[in-house]
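Trainee: Here is a sequence with its predicted model. Questions after.
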Amino acid sequence: MTCVAFCNRCGKIVMYGKVATEEWATVKGTRFSFDEVSARCLECGEEVYVATINDWNVRAREQAYFRALESSRTKK
């Protein structure tokens, strides 16, 4: 599968690479971490939007929140 997306800085369709980073969030007083993936243009390094990566990040964040919530409930 070829990884291509539109880069606003380059103004064209480009190949992109994926970069994963650990992010932290707090929802309703529950702090948790999750891995977030971003797509970066291989020509200029600008972040590009890829719907499937965005969807994956939403699921990863939700799953991490529910794991942290469950973990905090079992500690009480």
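Mentor: Cool, the structure landed.
Trainee: which residues touch Asn57?
Mentor: Listed by Cβ atoms under 8 Å, 6 or more residues apart in numbering, the contact partners of Asn57 are 36-37. No exception for glycine: its C-beta is placed from N, CA and C like everyone else's.
Trainee: what about Cys44, distance to Thr2?
Mentor: 18 Å (Cβ to Cβ, to the nearest Å).
Trainee: Between the two, which is the more surrounded one?
Mentor: Cys44 (12 against 4; other Cβ atoms under 10 Å).
Trainee: pretty sure that one is in a helix, no?
Mentor: No - counting by DSSP: H, G, I helix; E, B strand; the rest coil, Cys44 is located in no helix; its state is coil.
Trainee: Now it: phi and psi?
Mentor: Per-residue torsions, Cys44: phi -120, psi -10 (degrees, to the nearest 10).
Trainee: what's the closest non-adjacent residue to Tyr16?
Mentor: Ranked by Cβ to Cβ, 6 or more residues apart in numbering and with sequence neighbours excluded, the top spatial neighbour of Tyr16 is Ala39, at 4.3 Å.
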